[in-house]
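Undergrad: Have a look; sequence and predicted model below, questions after that.
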Amino acid sequence: MTPLLEVRNLKTFFFTDGGITKAVGGIDFSIHLGETLALVGESGCGKSMTALSLLRLVPSPGRIVEGEILFKGDDLLRLPPIEMQRIRGNRIAMIFQEPMTSLNPVFRVGDQIAEVLQLHRGLNQGAIAEQTIELLHQVGIPEPELRSRDYPHQLSGGMRQRVVIAMALAGKPQLLIADEPTTALDVTIQAQIMDLLDRLRTERSMATLLISHDLGIVAENADKVAIMYAGLIVESATTEELFNHPLHPYTEGLLACVPKLGEEKKRLAPIPGQVPSAANLPAGCSFRERCPYAFSPCSKKQPSLQETSPGHFVRCWKYQ
Amino acid sequence: MKPLLEVSSLSKSFQVKGPLGTGRKQLLAVDQVSLHLHQGETLGLVGESGCGKSTTGKLILRLIEPDSGSIRFDGSELSGMSQRQLRPLRREMQMVFQDPFSSLNPRLKVGELIAEPLQIHRLAKGAQLRSETIRLLKTVGLGEEHLDRLPHEFSGGQRQRIGIARALAVKPKLIVADEPVSALDLSIQAQVINLMRDIQQEFELTYLFIAHDLAVVQHISNRVAVMYLGRIVELAATDTIYRAPRHPYTEALLNAVPVPKPGKTRRPPLAGEIPSPLEPPSGCHFHPRCPYAKQVCREQRPELVDIGSGHLSACHFHAEVGRFRRS
């Protein structure tokens, strides 16, 4: 089966006075319908830039310099802007960490959902009103008729995120990009939103690209995981495989350094050093300065992504 | 042994204006909070946003004034003291903030930032000031070469180290750490947590560790207090509270934490929203979301009582709690 989305050798660079920053340095991944792929990494690793690249929304001075983004076989990077607009928000929708950034504070939430329905679906007034209520109902907002007349500030953080999800669903997307969708929410509300996203994915057989730094969220919600470090995918595998048999030293380090609930109290094993700045990456493997296993080849050349077992890829000289 | 810090029935309410300045309302942010801390101990204070945990921390340091209640620190009663009387005690109690980006003056060099508390409290000057500053930098894992740099040249983790060095400068007994690692990246969080544990042992520090991340709190705390809408609902030794919580809210919180182990079955999440602290539910604040709630919970506020060996719970049905625990 061909994947819904296939990204090949995507490179997004930022051109500043200080030089070129390789925010996304050449990455490949694919997502099938009904599947959730998690993109995991720390701040500045390029995960959010990858998402914005998919929608061709990279802010200046950033630019996609190379690669292909095949969505149902069509390369999004070759589409004229007008056709890209039809896909954006329609076939591919995105939700962000802070729901207030996606909501206009001076319009009623119902009207903001209606706007999407009008723009992307071209429905008549009666159908729009009906659909708006239906969408609010689907995302679990109680008394949707009343709430649709609320302004964003009248809703709680969790309810706002539900409204944003309803807006994203209004265009009937096949791919939903969720960039840290619960990071700004409290833990009991986070669980509700992740449950909602999971239910919607099943009901609509959507594909989801989940961007997160929370390994717990990822383990509970993703089918496949790709770990990013300094603009590159350093390891990818099914969730089960990645958590049970991590291969890359960075993945291993990440899994080891987080305190886990109910675990025996012992000294944490942090990854030494700092994340290198994307503008100033070390030669060879970007992780080598923090890596306990680094040996001579690591300083010479960036290793390539190798398939060590079916579906398990790792970018490390230990496995070349 | 007498506790280093003893807080009893601490309350604080704020006046909140409605939209366009209409309809003033009372927001009871901290509602009769009592807790104590022994020297060298870490008490974790957890809860979701708006539960009053940060306000509690600031009240204890008298950064905001309590409405009522008492704060006894090292034998002195802090509430009612004038700022002048407080001054010498301020040295003993320091705070570490969440956001290392906004808590450091961007125009001061690191050397100046760390020397500042030493100068204010007249603890060192001249060559001694410099050597003391360098010693503090080394304690937090930085070095002499960082003295002349500005905060923007540092990463989040390094800035948090600078914040910790500033707090340590005056040799405090108590540190109130308000979400000290939640703004940091995963790989850096562990470094800062380890640092906090190391300096705690070295200087016999006492921590009030305020955080929302239950796994981090479990890792660092000896005892944990859980807050919901201004009230402490449960307080017990860390192992006890995580293994066998006796308040339905603690149980729900623990169930909701995603575990980085694939294949774990999820509990259906706790239903409902966190109510507005402006209009908290009657009786037990948690009753509208509580799977154990009965009529009495709507009517009567449950007191925080000892249900055995220092385990405090504020629930009418604490004996039943455990039925909904995720395995």
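TA: Perfect, I can see it now. Numbering: from 1, shown residues only, chains lettered A, B, ... in the order given.
Undergrad: Quick check: which element contains the residue in chain A positioned nearest to chain B?
TA: Chain B sits closest to A:G216 of chain A, with a gap of 3.0 Å, by CB to the nearest CB. No exception for glycine: its C-beta is placed from N, CA and C like everyone else's. Secondary structure assignment for A:G216, by DSSP states H and E: helix A:215-221.
Undergrad: Just the CA trace of that helix, in PDB.
TA: Extracted C-alpha coordinates of helix A:215-221, given in PDB (Å, rounded to 0.1, in the frame of the first residue of the first chain):
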ATOM      1  CA  LEU A 215       8.000  10.100  25.900                       C
ATOM      2  CA  GLY A 216       4.900   9.000  27.800                       C
ATOM      3  CA  ILE A 217       2.500  10.600  25.400                       C
ATOM      4  CA  VAL A 218       4.400   9.100  22.500                       C
ATOM      5  CA  ALA A 219       4.500   5.600  24.000                       C
ATOM      6  CA  GLU A 220       0.800   5.700  24.600                       C
ATOM      7  CA  ASN A 221      -0.400   7.200  21.300                       C
END
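Undergrad: Show me what the mean pLDDT comes to for that helix.
TA: Across helix A:215-221, pLDDT averages out at 93.
Undergrad: can you tell me if the next helix or strand after it touches chain B.
TA: Where DSSP H and E defines the elements, the next helix or strand beyond helix A:215-221 is strand A:224-229. No: Strand A:224-229 does not reach chain B (CB under 8 Å from any CB of the partner chain); its nearest approach is 9.2 Å.
Undergrad: Direction included, what does strand A:224-229 pair up with?
TA: Within its sheet, strand A:224-229 is paired with strand A:36-40 (parallel), strand A:232-238 (antiparallel), according to DSSP bridges.
Undergrad: for the record, mean pLDDT for the last one?
TA: So the one you mean is strand A:232-238. In this model, strand A:232-238 has a mean pLDDT of 97.
Undergrad: ok now it, how far from the chain's centre?
TA: Relative to its chain's centre, strand A:232-238 lies at 14 Å (CA atoms, centre = their mean, to the nearest Å).
Undergrad: same check, this time on stretch A:80-99
TA: Taking mean C-alpha positions (CA atoms, centre = their mean), stretch A:80-99 and its chain are 14 Å apart.
Undergrad: Same question for stretch A:209-228.
TA: Taking CA atoms, centre = their mean, one finds the center of stretch A:209-228 at 9 Å from the center of the full chain.
Undergrad: What residue in the stretch 151-300 of chain B comes nearest to chain A?
TA: For the stretch 151-300 of chain B, CB to the nearest CB, closest residue to chain A: B:P258, 3.0 Å.
Undergrad: What distance do you get for that residue to A:K300?
TA: 39 Å (CB to CB, to the nearest Å).
Undergrad: Neighbour count for the two, which is higher?
TA: Here B:P258 and A:K300 are set side by side on neighbour count (other CB atoms under 10 Å in any protein chain shown), and the busier one is B:P258, at 23 against 12.
Undergrad: Which pLDDT value belongs to that one?
TA: Looking at B:P258, its pLDDT reads 89.
Undergrad: who touches the residue lying closest to it once chain neighbours are set aside in this structure?
TA: In this structure, B:P258 finds its nearest non-sequential neighbour in A:G216, 3.0 Å apart by CB to CB, 6 or more residues apart in numbering or on different chains. For A:G216, the contact set (CB atoms under 8 Å, 6 or more residues apart in numbering or on different chains) comprises B:257-260.
Undergrad: Reformat the residues you listed into a markdown table and put distance to B:M196 and secondary structure next to each item.
TA: Output for the contacts of A:G216, formatted as a markdown table (distance: CB to CB, whole Å; DSSP: H, G, I helix; E, B strand; the rest coil):
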| residue | distance to B:M196 | secondary structure |
| --- | --- | --- |
| B:V257 | 21 | coil |
| B:P258 | 24 | coil |
| B:V259 | 24 | coil |
| B:P260 | 22 | coil |
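Undergrad: Turn the residues you listed into a markdown table, columns for distance to A:R288.
TA: Shown next, in a markdown table, are the contacts of A:G216 (distance: CB to CB, whole Å):
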| residue | distance to A:R288 |
| --- | --- |
| B:V257 | 34 |
| B:P258 | 31 |
| B:V259 | 31 |
| B:P260 | 25 |
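Undergrad: Which of these sits closest to B:D74?
TA: B:V257 (35.2 Å; CB to CB).
Undergrad: my guess is the residue of the stretch 151-300 of chain B closest to chain A meets A:E220, correct?
TA: Yes: if you go by CB atoms under 8 Å, B:P258 and A:E220 touch, sitting 4.8 Å apart.
Undergrad: So which residues of the stretch 101-250 of chain B form strands?
TA: With DSSP state E, counting those that start in this stretch as the criterion, the stretch 101-250 of chain B has strands at B:174-178, B:206-211, B:223-228, B:231-237.
Undergrad: mean confidence score for the second one?
TA: It refers to strand B:206-211. Rounded mean pLDDT across strand B:206-211 is 96.
Undergrad: just checking, what packs against that strand?
TA: strand B:42-46, helix B:53-60, strand B:174-178, helix B:214-220 (3 or more CB pairs under 8 Å, 6 or more residues apart in numbering or on different chains; DSSP states H and E).
Undergrad: In a markdown table, list the ones you listed along with mean neighbour count.
TA: Conversion of the helices and strands packed on strand B:206-211 to a markdown table gives the following (neighbours: other CB atoms under 10 Å in any protein chain shown):
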| stretch | mean neighbour count |
| --- | --- |
| strand B:42-46 | 25 |
| helix B:53-60 | 23 |
| strand B:174-178 | 24 |
| helix B:214-220 | 23 |
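Undergrad: how about these in CSV, adding distance to chain A?
TA: Listed next are the helices and strands packed on strand B:206-211 as CSV, based on distance: least, CB to the nearest CB, whole Å:
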stretch, distance to chain A
strand B:42-46, 10
helix B:53-60, 12
strand B:174-178, 15
helix B:214-220, 4
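Undergrad: Can you lay out those as a markdown table showing mean pLDDT and distance to A:R162?
TA: Putting the helices and strands packed on strand B:206-211 into a markdown table (pLDDT from 0 to 100; distance: least, CB to CB, whole Å) gives the following:
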| stretch | mean pLDDT | distance to A:R162 |
| --- | --- | --- |
| strand B:42-46 | 97 | 25 |
| helix B:53-60 | 94 | 26 |
| strand B:174-178 | 96 | 29 |
| helix B:214-220 | 93 | 24 |
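Undergrad: how near is the residue of the stretch 151-300 of chain B closest to chain A to B:F101?
TA: 27 Å.
Undergrad: again, but for A:P105
TA: Counting by CB to CB, the gap from A:P105 to B:F101 is 25 Å.
Undergrad: Comparing the two, which shows the higher neighbour count?
TA: When A:P105 and B:F101 are compared for neighbours, B:F101 comes out ahead with 15 against 8, by other CB under 10 Å.
Undergrad: State the distance from the more buried one to B:L137.
TA: The value you get for B:F101 to B:L137, if CB to CB is used, is 19 Å.
Undergrad: Residue in the stretch 1-150 of chain B with the shortest distance to chain A?
TA: Taking CB to the nearest CB, the stretch 1-150 of chain B has B:E48 as its residue nearest chain A, at 3.7 Å.
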